[in-house]
Every structure is written in C-alpha cells, then in structure tokens.
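Colleague: dropping the sequence and predicted coords here.
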Amino acid sequence: TVSFPATFNSPSLVQYRLSCYWRNVNLSSLSLGMKPSISRLARSTFDYALRAVAPAELVRSAVKLDASSGSLRVAGRHSTSSISFDLRKSSNILILGAGKASQELCHGLLAVLGDSASIGLDLSVRAMINIPEGQKLIPYEYGNGVSVEFMETSHPLPNAATFSCTTRQLDAIRSAPKHTLMIALLSGGGSSLFESTDGTSITLDDVRQMNKLLIESGASITEINIVRKHISQVKGGRFAHHAIKSGNIDAVLGIYLSDVVGDDLSSVASGPTCPDLSTFSQAVDIVKKYKFWERLPQVISDRLTAGLTDSTLETPKSGDPIFEKVCNILVGSADTSASAAESFLRSSAEKEFDHVSIFTNSLSGEAREFGSQLIDFIAKKASEMQTDRFALIGTGEFTVTLRGKGVGGRNQEMLLSFLISLARRQKLPDFPLKYYNFAVVSCAFDGIEGNSPATGAMVDSTSADRILQLFSEEELVKRLDNNDSHAVFAAAGDALITGQTGTNVNDMVLILVEKITLI
C-alpha cells in the first residue's frame, strides 16, 4: 500500500506519464533506421494513438465542476442515466476502484475536484485504488482533506493482497459518513486486481485455479468475465449493491475506460457497478464449452450449480432499484485510439495516403488463424482499392489457446503466424505482395501482453528475410506451437517494449501499405 498525504498541485500528468513511457521505449531495438520509412510511420502512429487514451485527460474531458450550481457534471457514452451530483449536499467523496488505468483515472478526477475550493466547496475526499504490482507511481501532491492510497495487487491471477485490499474498499463503504458520493474508477485488469468472495466458502486458491483454467482455455474476455462474476461478491453489479445497501452512499458514479470489444461496461473489470446481463446458466455453459468443468474446484462448481435454481444468488439485473442511484459512463475506449490513429495518418506529412480507414472494431478469434490469413487480406484490400498507398486500422482482442509453455502474447502470436506465412509464400512467383512495402503493428495499450515484457511487435516487408537469418522456418513453427513468439521478435529487434503505460483499451492492428515504384 502506498499512501500520499496532502496539497493539490499537479504537474502535467500526461506529460509525466509519457516521459516515463519514452524512457522505457528502446527505439534502437526496433532497428528503425534500417527499415522502410513506412515502418517508422507505423510506429509513430501507435505512439500517437497511445497518447490519445491518456486516462487523466479523458476524465478531465468528461467530468466537470459547475461553479453556478456547485455540482459535478458528467458526460460520457453508455451512461445508464443522465445525472449531476450536488456537492453541496454530498461533500464527502469516496473514490474506489481497480484497473491498469485506474491510477491515472484517479489523478484526472482529483485534478477536477481540486478546483472545488475556488467555487466555495469544502470537500472531504478519500481514495483507495487497487493497481497492478510494479506499476510506476506518478508523483502528485494532494490538498487538505484529501487521502489517497494506491494498493498493489496481482494480475493476471489474484493474490492475497487482492482479497485484503478489496475487503478494505468494502470496509471503507461501511464506515463512510452518511450522504457520501462514491465514485468507482474501473478499467481493464480490474477483474484480477479486485476480488472478494466474502460470505462464501470459496478461497483464494479456488479463485486462482478457476482463473488459470479460464485464461488457458481460449475463452474470450467476455466469456471469462461471465464466469468470474458468478462466484464474486464485488463483480457483476455487486459492488454498487454493497454501496447503496450500506445506507451511507447516496449515489454511485462509475467511470470506465473500456478494454473490451463492443465497450459493454458490464464486462469491463467484470462490471462492479453495472447491471449484469449474464446468468448462472451462461456461466455453466461456458465452462462446459471449454471442457474444464471436471477440473474446477468443487466449491466453485457447487456454487455455479446452486445458482441455476437459487435466484437469490444471481447478480443484480437492470430494473433493480439500486441502479436508480447509479450512473455509469465510458470516458474512452479503442474507438478513441483508432480515431486518433486515423486522424494522424490522414494528416501525415511523411506519407500521403490515398485511403485511410478503420476496417473493424471487433477483432476476435484465435490469434494464429488471423495471422495465417493476413497476406490474403492485405492483397484483397490492395486489389479492391487500386491505390498506391493505404492504411487500415483494426481494434479488438484475439485469443490464444495455450498449447505450450513459451513466452509471448496474443499480438505477438498473431504476427508470428503472419511471419511464417510470409516466409513460406514470398519465394513463390505468385506472392501477392511482391510489389508492396508494408508494415503491420499489432499491440496492446497497457504495455504488457501475455507473459512477455512486450506490448506487441512489428512485421514489415523486410522481416521474413531478416528473421530467417536467425531462425529456420521449422524453428519458427515450433515456437508458434509452443506459444513462444516473444523470443523471435526480441531477437530480431521487432518487439515493442514500453513497460506499463498506465492506460488500457482494446488492442490495435495497424496495416500500412505502399506500392513499390519500379524505375
């Protein structure tokens, strides 16, 4: 637990985080000087997109203090109701939550609340946020009446600190003064960082075993979170339920940064303040679909089975009266980063693209399958567009079914599959990308993917030749089968290493293509 005392004087939060980010980036490892200029532009585009989803700035754009009414006004997408909060009546504010981006969300919110004294408000603010172990802490000074704790818990599997720190947040609700406004800051990673099974016989070891089975199964994040919600006492709207039922919380504002396809808030961090759309029946079906029902801890399978017939165990649904006092907003998502990338490429002075578009916001499915089809996808687009230069942006999240014990992640696995296809086909006379330079970046935005230190990687029109000097085609296939993609890109200098970025939206696949001019 890291506690900060008081005085509200923030440096530029975004500038600080980006300065940390740039210190972590090893640009020389990408050998950019030896790559086509289109590769350098692809990397610059990712960096610009990353800046666009700086959480603190997204909060400051969505949450405002209204001087005339003394209210906190919120604006965002996916709100379950339209509401402003009268801070003259609720001068006690309790900020809770969890996620990879929640530290920065908290700093952005505190910057907004820091203006309260100038409009005659005397606020008492307490913040307790679960963040990933090892996440860099931003220096920040808080004002009088402000107490802030960032509590380190574990990802991708919960640990003892996860349970104890989440219990502390629940205790803070129970001990809050009457008429408190609770603000929950939630982002990707929260499902692991924030957990409680209080009141059940489910242990930490049970939860860890269940999560490990889910992560290794190849299930989508939405499917994984449906199961998680039905064994948890804080997910699937239960956190909001605890807050309103305590009698101390007048209203709950949930502020979300989405990392899920479709931006369903009930799936982000498993939706602690959202009405849950899923059921015990769906949770059971998912476990059986991926064939690990018999390997679940008995206490968890018993809980899921009991929920099929006992409606009192079900998560809170839309229509529950508690949600009349809950407002949930979305402040940013992959749509934000994709739009920024599109804008950056349209205005690029380095390359003038004939066509720039977002080709999908719902990338999904097995990573290696998408990678194996990517040559034909690019070739088809080149044929359809009949242009010399085009750029395509896609967002979403692939899945990986673990078959081996290597080091990698979903984006690197997809690109390794793409690389193997390039190695096999570029020697053929009918190779469809023979007369094109191209660069494909596929990356996560949180800075870490899978069990690797990378956020993703890049493959361009020079990659196959360079990497085949280091690895045989047979070795590349073996590494793919062992889920060991990171070693390939690290050896070739094509891994993207940023360290934890402090934000988290859906992954991006960026495809830049230009026709080679023959002289």
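Modeller: That came through fine.

Colleague: burial check on T222, number of neighbours?
Modeller: The number of residues packed near T222 is 18, by other C-beta atoms under 10 Å. C-beta here means a position set from N, CA and C on the backbone, and glycine is covered the same way.

Colleague: what about the protein, any weak spots by pLDDT?
Modeller: Residues of the chain meeting the criterion pLDDT under 70: 1-36, 77-82, 349-350, 518-519.

Colleague: can we see that at 50?
Modeller: 1-34, 80-81 (pLDDT under 50).

Colleague: pull the residues that contact the strand or helix carrying A42.
Modeller: Using DSSP states H and E, A42 falls within helix 37-52. Helix 37-52 is contacted from outside by 14, 18, 21, 30, 32, 336-341, 344-345, 348, 350-351, 391, 437-441, 443, 445, 458, 460, 496, 501, 503, 508, 510, 512-514, using C-beta atoms under 8 Å, 6 or more residues apart in numbering.

Colleague: same check on stretch 273-291?
Modeller: Outside stretch 273-291, the residues that touch it by C-beta under 8 Å, 6+ apart are 80, 184, 186, 214, 217-219, 223, 226-227, 229-230, 236-237, 239-240, 243, 252, 254, 264-266, 293, 296, 301, 304-305, 307-308, 313-320, 323, 326, 328.

Colleague: cool, and stretch 377-391?
Modeller: 45, 345, 351-357, 359, 392, 432-433, 436, 438, 510-515.

Colleague: cool, and stretch 426-435?
Modeller: 375-376, 378-379, 382, 425, 461, 464, 515-516, 518.

Colleague: next, the buried residues of stretch 275-292.
Modeller: Residues of stretch 275-292 classed as buried: 275-280, 283-284, 286-287, 290, 292 (neighbour count, 16 or more other C-beta atoms under 10 Å).

Colleague: inside strands: which ones of the residues you listed?
Modeller: The strands, defined by DSSP state E, take in nothing from the buried residues of stretch 275-292.

Colleague: which residues in the stretch 151-300 of the chain form helices?
Modeller: Assigned by DSSP state H, counting those that start in this stretch, the stretch 151-300 of the chain shows helices spanning 160-175, 190-193, 204-217, 221-229, 238-245, 280-289, 298-307.

Colleague: okay, those, which one's buried deepest?
Modeller: helix 190-193 (a mean of 30; mean count of other C-beta atoms under 10 Å).

Colleague: isn't A338 right up against I393?
Modeller: Yes. In this structure A338 lies within contact range of I393 using C-beta atoms under 8 Å: 5.1 Å.

Colleague: now the common contact residues for the two.
Modeller: Common neighbours of A338 and I393, using C-beta under 8 Å, 6+ apart, are 358, 508.

Colleague: who's in contact with T315?
Modeller: T315 makes contact with 229-230, 235-238, 276, 278, according to C-beta under 8 Å, 6+ apart.

Colleague: gap between the closest residue to I202 other than its chain neighbours and K212?
Modeller: In space, and not counting its chain neighbours, I202 is closest to V299: 5.4 Å by C-beta to C-beta, 6 or more residues apart in numbering. From V299 over to K212 the distance is 16 Å, taken as C-beta to C-beta, to the nearest Å.

Colleague: and for E314?
Modeller: Here E314 is placed at a distance of 25 Å from K212 (C-beta to C-beta).

Colleague: and if you look at G499?
Modeller: 25 Å.

Colleague: quick one on the thing from earlier: give me the buried entries from the contacts of helix 37-52.
Modeller: Among the contacts of helix 37-52, those classed as buried by neighbour count (16+ other C-beta under 10 Å) are 14, 18, 21, 30, 32, 336-338, 340-341, 344-345, 348, 391, 437-441, 443, 445, 458, 460, 496, 501, 503, 508, 510, 512-514.

Colleague: ok so, going back, greatest separation within the contacts of stretch 426-435: which pair is it?
Modeller: D376 and L518 (23.3 Å; C-beta to C-beta).

Colleague: which one of these two is surrounded by more residues?
Modeller: Using other C-beta under 10 Å, the more surrounded residue of D376 and L518 is D376, with 13 against 5.

Colleague: what kind of secondary structure is the more buried one in?
Modeller: Three-state call for D376 (DSSP: H, G, I helix; E, B strand; the rest coil): helix.

Colleague: distance of it from E104?
Modeller: The gap separating D376 from E104 is 40 Å, by C-beta to C-beta.

Colleague: please apply the same query to G114.
Modeller: 15 Å.

Colleague: neighbour count winner among those two?
Modeller: Ranked by neighbour count (other C-beta under 10 Å), G114 and E104 place E104 first, with 31 against 20.

Colleague: so that one makes contact with A56?
Modeller: Yes. E104 is in contact with A56 according to C-beta under 8 Å; the separation is 4.7 Å.

Colleague: excluding covalently adjacent residues, which one is nearest to L308?
Modeller: Nearest non-adjacent residue to L308, counting by C-beta to C-beta, 6+ apart: F280, 5.3 Å away.

Colleague: quick one, what contacts the closest residue to I244 other than its chain neighbours?
Modeller: Nearest non-adjacent residue to I244, counting by C-beta to C-beta, 6+ apart: I322, 4.3 Å away. Taking C-beta under 8 Å, 6+ apart, we find I322 in contact with 237, 240-241, 244-245, 316.

Colleague: cutoff 7 Å now
Modeller: By C-beta atoms under 7 Å, 6 or more residues apart in numbering, I322 lies in contact with 240-241, 244, 316.

Colleague: and the residue nearest to P316 when sequence neighbours are not counted, what is it in contact with?
Modeller: The shortest distance from P316 to any non-neighbouring residue, by C-beta to C-beta, 6+ apart, is to G237 (3.9 Å). Residues in contact with G237 (C-beta under 7 Å, 6+ apart) are 271, 273-276, 315-316.

Colleague: these two touch, right, the residue nearest to I202 and D206?
Modeller: Yes. Here V299 reaches D206: they are 5.6 Å apart, a contact under C-beta atoms under 7 Å.

Colleague: wait, doesn't F438 sit right on L510?
Modeller: No. Here F438 does not reach L510: they are 10.9 Å apart, not a contact under C-beta under 7 Å.

Colleague: distance check, the closest residue to A269 other than its chain neighbours against D484.
Modeller: Leaving aside its sequence neighbours, A269 sits nearest to G190 (C-beta to C-beta, 6+ apart; 2.7 Å). Per C-beta to C-beta, G190 is found 29 Å from D484.

Colleague: same question for Y436.
Modeller: Look at Y436 and D484: by C-beta to C-beta, they are 29 Å apart.

Colleague: between these two, who's got more neighbours?
Modeller: Remark: of Y436 and D484, D484 carries more neighbours, 21 against 18, as counted by other C-beta under 10 Å.

Colleague: run the angle between the helix or strand harbouring E342 and helix 37-52 for me.
Modeller: Using DSSP H and E, E342 sits in helix 334-346. Here helix 334-346 runs at an angle of 140 degrees relative to helix 37-52 (axes from the mean of the first three to the mean of the last three C-alpha atoms, to 10 degrees).

Colleague: helix 334-346 packs against which elements?
Modeller: Packing partners of helix 334-346 (3 or more C-beta pairs under 7 Å, 6 or more residues apart in numbering; DSSP states H and E): helix 37-52, strand 355-363, strand 389-396, strand 507-515.

Colleague: much appreciated, bye for now.
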